[in-house]
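**Q** Below is the structure, and that's it, no one-letter string:
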């Protein structure tokens, strides 16, 4: 992992309803941007130092700056609120772009699928693919048209006929199976969006007998399948019960109560903060991590305290503490 460098916010503006675009200028200058890349920002959230990752918009820096666009999410862990509070001239620490969502531009066809703000890493991919001249199609689902950034930019880039925009408030729905069926048999699909969308694309991909390695996904690591609700957690190895408010993570609420749990990434990726689930009653557990696989999440034996939570009610856990 590259070292943190100082950076200054050169520009910050709203580019869609609830979406703030920022141009960040690192002290040591910009570097090439891999398609699908993200930058890491070092922030303070709930009094804790955290690192949050945000996709770079576009296939190259903009006049010596990295551009990101961040949606303000009420149910987020606080990163989006902090980013929306940044103003021009403010300083922060960041890492230069890296990509865990690498694009293979040499396939005979490409399908880009976005859910809401999941469009951000796909903008750069679209620019690269258009330059190469191969067929590329964008399928984009969103709840409200006013909250979708870069719509006209992408239509100008790809052409109206290569952009399928489905907006829920207009009664439109993305036909995922049809979009997959349109793709060249040796083509690849790149998906960025909430779990429900990526699950739907995976299902259509399997049903049409396409090879798994030709489908690449990037999910919102902490996007839940259920609304965020407050809940109570009985920490049996400590003999205390802790209330977890709607706007606090389980990990943060435990720390507030003096219950220490080892943690690192705070993004649901490393698994260090997993606790044992002892009893969930009749409450669903909303696994928002990307560490536990689908079988482990279904079994419900463990939970990543930094991002996952109960859907209301009361659960019981064991943190592994032994006096």
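**A** Cool, the structure landed. Everything numeric here is computed off the predicted structure, so don't read it as measured data.
**Q** List the strands paired with the lengthiest strand in the chain, with their directions.
**A** Counting residues, the longest strand found in the chain (DSSP state E) is strand 5-16. Strand 5-16 has the following strand partners under DSSP bridges: strand 19-26 (antiparallel), strand 91-98 (antiparallel).
**Q** now, of those strands, which is deepest in the fold?
**A** Comparing these by mean neighbour count (mean count of other CB atoms under 10 Å), strand 19-26 ranks first with a mean of 21. All C-beta spots, glycine's among them, are computed from the backbone N, C-alpha and C.
**Q** Now find how far off-centre the next helix or strand after that strand is within its chain.
**A** For strand 19-26, the following helix or strand on the C-terminal side (DSSP states H and E) is strand 38-45. Chain-centre distance of strand 38-45: 13 Å, with CA atoms, centre = their mean, to the nearest Å.
**Q** Same question for stretch 88-96.
**A** 20 Å.
**Q** Other residues contacting it?
**A** Contacting residues not belonging to stretch 88-96 are listed as 1-12, 24, 26, 30-31, 39-43, 66, 86 [CB atoms under 8 Å, 6 or more residues apart in numbering].
**Q** Same question for stretch 62-69.
**A** Residues from elsewhere that reach stretch 62-69 (CB under 8 Å, 6+ apart): 10-11, 15, 19-26, 29-30, 33, 39, 54-58, 61, 83, 94, 97, 117, 120, 149-150.
**Q** now stretch 309-320
**A** Outside of stretch 309-320, the residues within contact range by CB under 8 Å, 6+ apart are 224, 226-238, 241, 244, 249-250, 254, 259, 261, 275-286, 288, 303.
**Q** Give me the subset of those lying in helices.
**A** Counted as lying in helices by DSSP state H, out of those, are 250, 254.
**Q** Run through the stretch 1-150 of the chain and note the low-pLDDT ranges.
**A** Applying pLDDT under 70 to the stretch 1-150 of the chain picks out residues 1, 46, 75-78.
**Q** so where do the strands sit in the stretch 101-250 of the chain?
**A** Using DSSP state E, counting those that start in this stretch, the strands found in the stretch 101-250 of the chain span residues 110-115, 136-142, 163-167, 188-193, 215-219, 231-235, 240-244.
**Q** Can you add distance to residue 307 and mean neighbour count and give these back as CSV?
**A** Output for the strands of the stretch 101-250 of the chain, formatted as CSV (distance: least, CB to CB, whole Å; neighbours: other CB atoms under 10 Å):
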stretch, distance to residue 307, mean neighbour count
strand 110-115, 18, 26
strand 136-142, 23, 24
strand 163-167, 28, 18
strand 188-193, 17, 25
strand 215-219, 12, 19
strand 231-235, 14, 20
strand 240-244, 12, 16
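**Q** Columns distance to residue 50 on top of those, output as CSV?
**A** Shown next, in CSV, are those (distance: least, CB to CB, whole Å):
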stretch, distance to residue 50
strand 110-115, 24
strand 136-142, 27
strand 163-167, 33
strand 188-193, 21
strand 215-219, 19
strand 231-235, 21
strand 240-244, 18
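**Q** now the angle from the longest strand of the chain to strand 38-45?
**A** 90 degrees (axes from the mean of the first three to the mean of the last three CA atoms, to 10 degrees).
**Q** which outside residues touch strand 5-16?
**A** The contact list for strand 5-16 (CB under 8 Å, 6+ apart) reads 20-28, 65, 69, 86-96, 146-150.
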